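Visitor: this one's sequence-less:
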């Protein structure tokens, strides 16, 4: 009798697992919205995932602010933001967040005759340009940091984001750390009262404006600079070294990230120490409901990002992003199991 009971229990468990698998299998399309920072690599991941599993991931590159609003309203299956939410904000919204990739924000310029990496700027000088205090490219302060470089006698046009943007959050967070005046007058956030300049929508819009306007300077995620063949600036980091944006300098910035002690995975990677460190780095975070109304869809979202952690690293590196380390991915999966639950209180994910 005992053996029969065990077989019956085993059959019930197997049937339950089969039903759960079938339910997950009915999700053949997912929706996400938010960060334009992550779009180049997310598009690659989504294409590869569709080929492998048949599941489509439709993602709207509308900016981090829009992504946060949409997941708060539950109009998408996941949001993506480069500006992490703090633990109280997550609890209030009924969300969890986790990092999926890290990368760099780079200042880009349109200066005929000046190629990628030829123009050098310190953080304080960059802040003063975006404050509108330095208005011409032949300004003595710019010339002092660029001896021997022929600077044009051209007016500077600042290009910034017009939408709520995690890229802006990362960029302005950095400026707030290197400029007391920027911190007091402008501060940091997804949307700002810009002292000067013109606004473009998304990384795409900023890149388009900078390419179109001679004398322009803006800021974009590095993949956009590469894809649009834009001239980036070399920046002086905390160690006093002028560094190039690259996968290596982004990895140097990410090396000291202590995710294990970051509540809600809230972590900021700007102005990190190290001689090889690129100073304007950040992560993109995915947001999902902690108690989803449609648990099978959230489970499918987690399955997609589990696949990203397991198989997406090479695609990320090819676009100069820094993949999330395996040990951090293990922390994330544990958080899924502990924090994302169905209506019955059971975890939607088994680590």
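Guide: Nice, thanks for sending it over. Every value quoted in this text rests on a predicted model; they were computed, and no experiment measured them.
Visitor: can you give me the strands for this protein?
Guide: Assigned by DSSP state E, the chain shows strands spanning 29-34, 56-61, 78-81, 95-109, 120-121, 157-161, 198-200, 216-221, 231-232, 234-236, 242-243, 281-289, 322-323.
Visitor: now those strands as JSON lines including mean pLDDT and mean neighbour count?
Guide: For the C-beta atoms, the positions are set from N, CA and C on the backbone; glycine is no exception. Shown next, in JSON lines, are the strands of the chain (pLDDT from 0 to 100; neighbours: other CB atoms under 10 Å):
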{"stretch": "strand 29-34", "mean pLDDT": "98", "mean neighbour count": "22"}
{"stretch": "strand 56-61", "mean pLDDT": "97", "mean neighbour count": "18"}
{"stretch": "strand 78-81", "mean pLDDT": "97", "mean neighbour count": "29"}
{"stretch": "strand 95-109", "mean pLDDT": "97", "mean neighbour count": "26"}
{"stretch": "strand 120-121", "mean pLDDT": "98", "mean neighbour count": "20"}
{"stretch": "strand 157-161", "mean pLDDT": "97", "mean neighbour count": "24"}
{"stretch": "strand 198-200", "mean pLDDT": "96", "mean neighbour count": "17"}
{"stretch": "strand 216-221", "mean pLDDT": "96", "mean neighbour count": "28"}
{"stretch": "strand 231-232", "mean pLDDT": "96", "mean neighbour count": "22"}
{"stretch": "strand 234-236", "mean pLDDT": "98", "mean neighbour count": "22"}
{"stretch": "strand 242-243", "mean pLDDT": "98", "mean neighbour count": "18"}
{"stretch": "strand 281-289", "mean pLDDT": "97", "mean neighbour count": "27"}
{"stretch": "strand 322-323", "mean pLDDT": "95", "mean neighbour count": "24"}
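Visitor: could you list every residue that touches the most centrally placed residue in the chain?
Guide: Residue closest to the average C-alpha location in the chain (CA atoms, centre = their mean): residue 284, at 2.7 Å. Neighbouring residues of residue 284 by CB atoms under 8 Å, 6 or more residues apart in numbering: 35, 37, 38, 80, 81, 82, 99, 100, 101, 102, 103, 166.
Visitor: closest to residue 147 out of these?
Guide: Relative to residue 147, the closest of the contacts of residue 284 is residue 103; by CB to CB it sits at 31.1 Å.
Visitor: do I have it right that the closest one meets residue 36?
Guide: No - counting by CB atoms under 8 Å, residue 36 is not a contact partner of residue 103; they are 11.8 Å apart.
Visitor: can you give me the neighbour number for residue 335?
Guide: When counting by other CB atoms under 10 Å, one arrives at 17 neighbours for residue 335.
Visitor: just the helices in the chain please.
Guide: Assigned by DSSP state H, the chain shows helices spanning 2-25, 39-53, 64-73, 87-93, 123-131, 140-145, 166-178, 180-185, 202-212, 222-227, 247-254, 295-311, 313-318, 326-339.
Visitor: so which of those is the most surrounded?
Guide: Highest mean neighbour count of the helices of the chain: helix 166-178, a mean of 26 (counted as mean count of other CB atoms under 10 Å).
Visitor: turn the strands of the chain into TSV, columns for distance to residue 310.
Guide: Below are these laid out as TSV (distance: least, CB to CB, whole Å):
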stretch	distance to residue 310
strand 29-34	17
strand 56-61	16
strand 78-81	18
strand 95-109	12
strand 120-121	39
strand 157-161	33
strand 198-200	35
strand 216-221	24
strand 231-232	32
strand 234-236	34
strand 242-243	31
strand 281-289	15
strand 322-323	11
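Visitor: show me the one of those that comes nearest residue 144.
Guide: That would be strand 120-121 among those, by CB to CB, at 10.2 Å.
Visitor: could you say what helices and strands the closest one packs with?
Guide: helix 140-145, strand 234-236 (3 or more CB pairs under 8 Å, 6 or more residues apart in numbering; DSSP states H and E).
Visitor: how about 10 Å then?
Guide: helix 123-131, helix 140-145, strand 234-236, strand 242-243 (3 or more CB pairs under 10 Å, 6 or more residues apart in numbering; DSSP states H and E).
Visitor: quick one, domains of the chain?
Guide: Following automatic domain parsing, the chain resolves into domains at 2-102+283-339, 105-257.
Visitor: quote the end-to-end distance of the shortest one.
Guide: Translated: domain 105-257. Terminal residues of domain 105-257 lie 17 Å apart, using CA to CA, to the nearest Å.
Visitor: any idea which of the strands of the chain gets closest to residue 297?
Guide: Closest to residue 297 of these, according to CB to CB: strand 29-34, at 6.9 Å.
Visitor: ok and that closest one relative to helix 64-73, angle-wise?
Guide: 130 degrees (axes from the mean of the first three to the mean of the last three CA atoms, to 10 degrees).
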